[in-house]
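A.B. asks: Sequence and predicted structure, then a few things I'm wondering about:
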Amino acid sequence: MGMERWRKLLTENRNEIAMWVVALALAAFMLTPLLSSGFFSDDGVNSLVVPSAVAAQHSSLLREVANAYGGAVRAVGRFFPFATYAVFLFWFVNGNLALYKWLILLLVMADLALFGRLVRALTASPVMGVLAIMLPPLLFQFRFYSDPILAFGALPQVITLLTFGSLLAWVAFLRDGKKRHLVVSLVLYGVSLLTYEIVLPFFLLHLLIAWWYPQRTPLRDAARASWPFAVLAVCSAVVVVGVRLSNGIALAGGASGGNYTPNTDPFAALFAMARQVSAALPLSYHILLGSTNGIDGIRPFEGLFSYIGRYPASSMVVLAGVTAFVAAGVWMLRGTAPAAAPKKRSPGPAAPRSISIPGLLWTGAALLVLPATLVALSPKYQSEILWGKGYIPVYVSYFGTALLIIAGLGAAARIGSAKNALRIALAVGLAMALGALGVMTYQDNRIIVERFDRDWLYPRQVEQDALARGLVSPVPADSRIVMLVKRGWDEPAFFAVHAGKLERTADAREAATWTAMLTGRTPQSVDATATRYVFGGKDDVWIANADGLSAYNGYAIVGRLTAVTVSGGKPVQAEIDSVRVYLSSPQPPTVSPMLVGGSAYNPPQFTSPQVIGLDPATLQRLAGGDGWSLSAATPGQVLKLRL
């Protein structure tokens, strides 16, 4: 009986299911640049929470969970116990970058599917539900900042999934009155409150939907229906206040307060909110920020054809797919758009169970603005957020913008329903505009991923390959390794995973690093311009550096520190011996040129030791393979590195 029911459902809805499959496939294709990115921002460190590193540091999974949560509670008064799921996520991923990125992509797909189902339930329109899947990827703008898709342990995706799940269950309750749907909606909202505090004002989404669905009701009745969600939000706020007071953390402050101490200056908050909201608008990063600095050489609107020319096949897939899909959708919407809201409630037959266009506009506007409210109170983000460059809650706001566009498409379909010519013109014009938007967003995202990878993926790949192939074999365990450029992943755990031993790391760019090593040390020589300090083998201090220009092109170097020269109160030069150098040569021999600013750009090659100041004739090859080599300098050779 069950199988027969499913077979009937599939048969009756096969056209809608086919549209869903095509929409999800097109959305996934537009997000494929994500799969080429590395561990970025917080993920760079969090990705080191893996079994081998935790065991090497004599820790445990539960201790890592306690550290991740307890520190935030005591230091800044944040209460989000369920956010610790990220520790389990990275433990499960176990450093597998491809697996992690595919999981993020699948979660984004789940958000899109649930958003489509929510819009389908609100509008009773299969076409609008499908458009709701396809439109948000046109708005997903990767940014060289705290990007919600490229980083942050899937937190934005999880919060969005919980939010849409709660709203979908709420719509089901409003439709059929079954208490189990109300319970599910409340539970999901409660879980989201314990995961990320930006959802605190999201109870207003439940209020708005109760106000407009299935038809407009008095606001007082909507408030009476949705009060349990407001109670949950108030209880969550009370708990946070209690946590802050118990840890001696101020409830509010000025512009100079802590990152998580609200600055209640109304002008600063509203200005920050406007900038945060602007980041969810189409091409906002490309236009508002790129108009000043460009996006890695691409100026705004250099031409749609220049984007297509960079990656012609993928560009044409996006352009043709989005254009055809939107044109077909707008055409199919004729006569099926949600009805306008009645001026007053009628005692006659019940209204159709679909939200009106004004209701969609109100809900979309709330979904666009509400995620920005708490971020706008933070002094940190009041100064950091720029027009077109928003913090991670912008991910939820993307869906608000998409809902506004859907409402606009519905209104346009109704406007053009009187005349076929006007309807055709509207469908073609909107489809072409959104198709061009899709291509530009897709190509911008590819550019940003390439830019990210230059700083976060390629150097890390070179480092971990170098460590695995013996770069630090002569370095004793628990030595101090001073990195000329210490990146987010350069932690003891990184060495434990890839070199099999813990090392203490420090950043040569930080004054505290040298203060700790030079304080109390007698200089070997002093003159009018510089002071030289000598280090011996017993000091056990090593200098290292690494860089990468592509997945197959980079270097890593390590050597024992023998001397440091200080001038003007700052270290300016380090001398090292026992030098080892790892070189990863390009495969194929030359890196493919990148089109930047309309011209071909070939990055420099790390193919010779000479680029890091070593004479190839003085190196002894220790090991090598296809596209890589590990060499050691002759004994006694000293290499001078500028700090």
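C.D. replies: Cool, got the structure. None of the values given here were measured: they were computed from a predicted structure. Numbering: from 1, shown residues only.
A.B. asks: going forward, measure contacts and count neighbours with C-alpha atoms only.
C.D. replies: Noted.
A.B. asks: Tell me who's in contact with residue 506.
C.D. replies: The contact partners of residue 506, by CA atoms under 8 Å, 6 or more residues apart in numbering, come to 480-483, 486, 513.
A.B. asks: thought residue 365 was touching residue 402?
C.D. replies: No - the criterion here is CA atoms under 8 Å, and residue 365 misses it with residue 402 at 10.0 Å.
A.B. asks: correct me, but residue 192 touches residue 165?
C.D. replies: No - contact criterion CA under 8 Å: residue 192 and residue 165 do not qualify, at 10.4 Å.
A.B. asks: among the contacts of residue 506, which two are most distant?
C.D. replies: Maximum pairwise distance among those (CA to CA): 12.8 Å, between 480 and 486.
A.B. asks: how far away is the nearest residue to residue 486 once chain neighbours are set aside from residue 97?
C.D. replies: In space, residue 486 comes closest to residue 507 once its chain neighbours are excluded; the distance is 5.1 Å by CA to CA, 6 or more residues apart in numbering. Going from residue 507 to residue 97 by CA to CA, to the nearest Å gives 25 Å.
A.B. asks: element containing the residue nearest to residue 190 when sequence neighbours are not counted?
C.D. replies: For residue 190, ignoring the flanking residues on the chain, the nearest one in space by CA to CA, 6+ apart is residue 232 at 6.6 Å. Residue 232 is part of helix 219-246 when elements are defined by DSSP states H and E.
A.B. asks: one step back: sitting in strands, which of the contacts of residue 506 do you find?
C.D. replies: In this view, the contacts of residue 506 that belong to strands under DSSP state E are 480-483.
A.B. asks: re the thing from before, by neighbours, which of the contacts of residue 506 wins?
C.D. replies: Using other CA atoms under 10 Å as the neighbour test, the contacts of residue 506 are led by residue 481, with 26 neighbours.
A.B. asks: doesn't residue 545 make contact with that one?
C.D. replies: No - taking contacts as CA under 8 Å, residue 481 lies outside contact range of residue 545: 9.7 Å.
A.B. asks: Strands of the stretch 451-600 of the chain, start to end?
C.D. replies: 480-483, 504-507, 525-526, 531-534, 541-550, 553-567, 570-584, 594-596, 599-601 (DSSP state E, counting those that start in this stretch).
A.B. asks: now for those strands, which one comes closest to residue 452?
C.D. replies: Once the strands of the stretch 451-600 of the chain are compared by CA to CA, strand 541-550 is nearest, at 11.3 Å.
A.B. asks: Output that closest one as PDB - backbone C-alpha positions only.
C.D. replies: The C-alpha trace of strand 541-550 is given here as PDB (Å, rounded to 0.1, in the frame of the first residue of the first chain):
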ATOM      1  CA  VAL A 541      65.100  27.700  17.500                       C
ATOM      2  CA  TRP A 542      64.300  27.200  13.900                       C
ATOM      3  CA  ILE A 543      63.200  29.500  11.100                       C
ATOM      4  CA  ALA A 544      60.800  28.400   8.400                       C
ATOM      5  CA  ASN A 545      58.800  29.800   5.600                       C
ATOM      6  CA  ALA A 546      56.600  28.500   2.800                       C
ATOM      7  CA  ASP A 547      54.600  29.800  -0.200                       C
ATOM      8  CA  GLY A 548      52.700  28.500  -3.100                       C
ATOM      9  CA  LEU A 549      51.400  29.900  -6.400                       C
ATOM     10  CA  SER A 550      49.300  27.000  -7.500                       C
END
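A.B. asks: tilt between that strand and strand 553-567?
C.D. replies: 140 degrees (axes from the mean of the first three to the mean of the last three CA atoms, to 10 degrees).
A.B. asks: pLDDT averaged over strand 541-550 - what is it?
C.D. replies: Taken as a whole, strand 541-550 carries a mean pLDDT of 87.
A.B. asks: can you give me the angle it makes with strand 570-584?
C.D. replies: 50 degrees.
A.B. asks: remind me which residues of this structure are low pLDDT?
C.D. replies: Applying pLDDT under 70 to the chain picks out residues 1-12, 254-258, 289-310, 334-352, 415-420, 423, 551, 586-613.
A.B. asks: and the longest helix for it?
C.D. replies: As assigned by DSSP state H, the longest helix anywhere in the chain is helix 420-456.
A.B. asks: So which bits of it are buried?
C.D. replies: Within helix 420-456, the residues that count as buried by 16 or more other CA atoms under 10 Å are 423-424, 426-428, 430-432, 434-456.
A.B. asks: and it, how far from the chain's centre?
C.D. replies: Relative to the centre of its chain, helix 420-456 is centred 20 Å away, using CA atoms, centre = their mean, to the nearest Å.
A.B. asks: Over to stretch 315-334?
C.D. replies: Centre-to-centre, stretch 315-334 and its host chain are 27 Å apart (CA atoms, centre = their mean).
A.B. asks: If you count neighbours, what's buried in that stretch?
C.D. replies: Neighbour counts over stretch 315-334 (16+ other CA under 10 Å) mark 315, 318-327, 329-334 as buried.
A.B. asks: ok, which stretches of the stretch 51-200 of the chain are strands?
C.D. replies: With DSSP E, counting those that start in this stretch, there are no strands along the stretch 51-200 of the chain.
A.B. asks: Actually, the stretch 301-450 of the chain.
C.D. replies: In the stretch 301-450 of the chain, no strands are defined using DSSP E, counting those that start in this stretch.
A.B. asks: For stretch 30-45, list every residue counted as buried.
C.D. replies: Applying 16+ other CA under 10 Å to stretch 30-45 flags 30-35, 37-41, 43-45 as buried.
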